[in-house]
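J.: below: sequence and its predicted model.
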Amino acid sequence: MKQRIYIGLGLCLAATALLPDIAHAAGSSMPWEAPLTKILQSIEGPVAKIFGTIVIIMTGLTLAFGDTGGGIRKLIQIVFGLSIAFTATSFFLSFFKFSGGALI
């Protein structure tokens, strides 16, 4: 039984080594890539920077000066954290002139 497994594994390895073009997943033609690219571009655009900055200011002021209870305060903190996280991709990377990829 083990011999059959080893033979099958060896044949698969040999086929992968001898036919790399077939084994390699080449191309990026998935149907969902174009819509996701558009969403990514809209998230990283100037409108997102302005909206993210406004949300950070509003939630920061609400936390600083608002008289909020436990549940609402926790919700505002979550919104504050998410707005910082989503704005960081568009604001801070362009602020530091960093494109986010390595140039080789």
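T.: Arrived safely.
J.: any weak-confidence spans in the protein?
T.: For the chain, residues meeting the criterion pLDDT under 70 lie at 20-28, 89-104.
J.: now Ala15: how far from Gln77?
T.: 54 Å (C-beta to C-beta, to the nearest Å). Just so you know, the C-beta spots here come from the backbone N, C-alpha and C atoms, and that holds for glycine as well.
J.: show me which of the two is the more surrounded one.
T.: Gln77 (14 against 11; other C-beta atoms under 10 Å).
J.: and the more buried one, what element?
T.: Under the criterion of DSSP states H and E, Gln77 resides in helix 70-90.
J.: and stretch 33-40, how far from the chain's centre?
T.: Chain-centre distance of stretch 33-40: 12 Å, with C-alpha atoms, centre = their mean, to the nearest Å.
J.: residue ranges of the helices in the chain, please?
T.: Counting by DSSP state H, the chain has helices at residues 2-18, 20-23, 33-43, 46-65, 70-90, 92-95.
J.: what residues of the fourth one count as buried?
T.: I take that to be helix 46-65. 48-49, 52, 55-56, 59, 62 (16 or more other C-beta atoms under 10 Å).
J.: as TSV, these with distance to Trp32 would be great.
T.: Below are those laid out as TSV (distance: C-beta to C-beta, whole Å):
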residue	distance to Trp32
Ala48	21
Lys49	26
Gly52	25
Val55	28
Ile56	30
Thr59	32
Thr62	36
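J.: show me which of these is closest to Phe86.
T.: Using C-beta to C-beta, Gly52 comes nearest to Phe86 of these, at 6.1 Å.
J.: the closest one - nearest residue in space that isn't next to it in sequence?
T.: Spatial nearest neighbour of Gly52, excluding adjacent residues (C-beta to C-beta, 6 or more residues apart in numbering): Thr87 at 3.1 Å.
J.: shouldn't that neighbour be in contact with Ile56?
T.: Yes. Counting by C-beta atoms under 8 Å, Thr87 does reach Ile56; the two are 6.4 Å apart.
J.: who's in contact with Ser83?
T.: For Ser83, the contact set (C-beta atoms under 8 Å, 6 or more residues apart in numbering) comprises 52, 55-56, 59.
J.: can you do 10 Å?
T.: Contact partners of Ser83, counting by C-beta atoms under 10 Å, 6 or more residues apart in numbering, are 51-60.
J.: understood, closing this out.
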